[in-house]
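Asks: Sequence first, predicted coordinates after that:
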2 protein chains.
Amino acid sequence: MSALREKILNTATDLFQTRGINSTGVDTIVAVAGTTKMTLYKHFHTKEGLILEVLNKSQQDFQNWLDDKLNSNSKAPADKIKQLFDFIEEWVTSPSFLGMGFIKASAEFPNEENPIHQLSSKQSLEFRQYISKLASEANIKDADGLALQLSLLFEGAVQAEQMNRGSGAIKYAKKAAKLLIDGATHH
Amino acid sequence: MSALREKILNTATDLFQTRGINSTGVDTIVAVAGTTKMTLYKHFHTKEGLILEVLNKSQQDFQNWLDDKLNSNSKAPADKIKQLFDFIEEWVTSPSFLGMGFIKASAEFPNEENPIHQLSSKQSLEFRQYISKLASEANIKDADGLALQLSLLFEGAVQAEQMNRGSGAIKYAKKAAKLLIDGATHH
DNA sequence: ACCACTCTATACCGCTCTGTATATATCTAT
DNA sequence: ATAGATATATACAGAGCGGTATAGAGTGGT
């Protein structure tokens, strides 16, 4: 894969997060990435195509990182879901964290028929399903219900963190998650 | 207060929610509102000024509606906080609900020095403080902590509803809220 | 040495954006 | 009836947007 393509992708990811998607022009992206529009448009057919690829890559990076963490730190399914918010906290409080792409994108493209909105919605659903799988492996009866609740806490905490960097909201989300998980677990 | 001014404000509120703020031009607003740019710019000095007023009015409408509901339905503080998510559900599932302004606005203007972002952040904080007041009146010890958790659930549920209209996420947020409130209450 | 390919540089098109200038119309208060 | 405020209609300026055209520079393989 082309190094320039990667560079454009990473630059766009940063700029979209820090300045907004609609507010970031293609000219700005290529200027910061140190290339030209011709090169960008050879790798990505339209700006919308670039946005979709940025969203996909961002979500893949997050999901892969999280999955690795969960699998390397513990094998027991009951432990995995309990550790979920520990790793989410690590991700969200990392200095390189600038926000979750699909959350911001869905706000900037509120029309449900817009491809960017649809991808955001799909990613949100997929993450929820990932949590649900963790929950059902931990033998929790209403796995989907718990997963939905945890995803609300997650998205709320990310939202709070995007609004006020270093707000510490994630710490309280973690506590709430623990309570919800305990409440949903068979005793 | 001018009727046209009101009309512009309401039209802008709708369009910002359904099409996004940056994607909604001033020309579109005046065309839908049935007036002209000259009139708009006599009432609002800049588009940013209009956005700020839209955000303020939206939040005031929500807060006033919620406060009225809570005060008319019950006087006991312990009941008020328990009913909080019942009314939030009523608000969010109403057909006229199109999203929360400050959540979308903070995503479209991620820079923390941007006035629109700052107002969004302030409104989020004020709503959290409102919940905290409910909690402390209900004699809950860690009122701020519970308020933060409930606000995360709220913002997460709104986020989910904005992504998928009629997702039913708010029902699960309500259940989670009940569990958190019970857990934080003295027995 | 030459070809094919990728990247650069720069200029441009057509459109949309915010905001303003100008001139006209409508309405109300005295 | 007339003055003053308010709204309309329309045109325009200046900038930025996404996307393309064209021509040339660098680089690797054969």
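Replies: Nice, thanks for sending it over.
Asks: what sits up against stretch A:122-139?
Replies: Stretch A:122-139 is contacted by residues A:55, A:59, A:63, A:67, A:70, A:77-78, A:80-81, A:84, A:102-103, A:106, A:143-144, A:146-148, A:150-151, A:154-155, A:184-186, B:160, B:163 when judged by Cβ atoms under 8 Å, 6 or more residues apart in numbering or on different chains. Every residue, glycine included, has its C-beta placed from N, CA and C.
Asks: please redo it, this time with the cut-off set to 6 Å
Replies: Contact partners of stretch A:122-139, identified using Cβ atoms under 6 Å, 6 or more residues apart in numbering or on different chains, comprise A:59, A:77-78, A:80-81, A:102, A:143-144, A:146-147, A:150-151, B:163.
Asks: How about stretch A:180-187?
Replies: Contacts of stretch A:180-187 (Cβ under 6 Å, 6+ apart): A:Ile140, A:Leu146, A:Gln149, B:Ala176, B:Leu179.
Asks: quick one: that stretch to chain centroid distance?
Replies: Averaging C-alpha positions (Cα atoms, centre = their mean, to the nearest Å) puts stretch A:180-187 26 Å from its chain's average.
Asks: What of stretch A:136-150?
Replies: Computed by Cα atoms, centre = their mean, the separation of stretch A:136-150 from the middle of its chain amounts to 20 Å.
Asks: Any idea how many residues pack against the residue of chain A found nearest DNA strand D?
Replies: Per Cβ to the nearest atom of the strand, A:Gly25 is where chain A lies closest to DNA strand D, at 2.8 Å. Residues lying near A:Gly25 (other Cβ atoms under 10 Å in any protein chain shown) number 12.
Asks: Setting aside sequence neighbours, what's the nearest residue to the residue positioned nearest the centre of chain A?
Replies: Geometric centre of chain A, nearest residue: A:Met100, 4.2 Å, by Cα atoms, centre = their mean. Using Cβ to Cβ, 6 or more residues apart in numbering or on different chains and skipping residues adjacent in sequence, the residue nearest A:Met100 is A:Val158, 4.9 Å away.
Asks: how close does the one you found sit to A:Phe127?
Replies: A:Val158 sits 11 Å away from A:Phe127, going by Cβ to Cβ, to the nearest Å.
Asks: who has more neighbours, the two?
Replies: Comparing A:Val158 with A:Phe127 by neighbour count (other Cβ under 10 Å), the higher total belongs to A:Val158, at 26 against 21.
Asks: just to confirm, which helix or strand has the more buried one in it?
Replies: Here A:Val158 sits within helix A:143-163, counting by DSSP states H and E.
Asks: Now do that helix: everything it contacts.
Replies: A:92, A:99-100, A:103, A:128, A:131-132, A:135-136, A:140, A:167, A:169-170, A:173, A:176-177, A:180, A:184, B:106, B:121, B:124, B:152-153, B:155-157, B:159, B:172-173, B:176.
Asks: and what of stretch A:90-97?
Replies: Under Cβ under 6 Å, 6+ apart, the answer for stretch A:90-97 is A:Glu161, A:Ile170.
Asks: Return that stretch as PDB; C-alpha atoms alone will do.
Replies: Output of stretch A:90-97 as PDB, limited to C-alpha atoms (Å, rounded to 0.1, in the frame of the first residue of the first chain):
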ATOM      1  CA  GLU A  90      -7.100   3.700  28.600                       C
ATOM      2  CA  TRP A  91      -8.100   4.400  25.000                       C
ATOM      3  CA  VAL A  92     -10.200   7.500  25.700                       C
ATOM      4  CA  THR A  93      -7.700   9.100  28.100                       C
ATOM      5  CA  SER A  94      -4.700   8.500  25.800                       C
ATOM      6  CA  PRO A  95      -3.200  11.800  24.700                       C
ATOM      7  CA  SER A  96      -3.600  10.700  21.100                       C
ATOM      8  CA  PHE A  97      -7.400  10.300  21.500                       C
END
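Asks: list the buried ones in the longest helix along chain A?
Replies: Assignment by DSSP state H gives helix A:47-73 as the longest helix of chain A. The neighbour-count check on helix A:47-73 (16 or more other Cβ atoms under 10 Å in any protein chain shown) flags A:47, A:50-55, A:57-59, A:62, A:66, A:69-70 as buried.
Asks: How about the residues of chain A by chain B?
Replies: Residues of chain A lying close to chain B (Cβ under 6 Å from any Cβ of the partner chain) are A:20, A:22, A:104, A:106-108, A:110, A:121, A:124, A:145, A:148-149, A:152-153, A:155-157, A:159, A:163-164, A:172-173, A:176, A:179-180, A:183.
Asks: what's the residue of chain A closest to DNA strand D in contact with, if anything?
Replies: So A:Gly25 contacts nothing (Cβ under 6 Å, 6+ apart).
Asks: now swap in A:Leu179 and tell me
Replies: So A:Leu179 contacts B:Gly183 (Cβ under 6 Å, 6+ apart).
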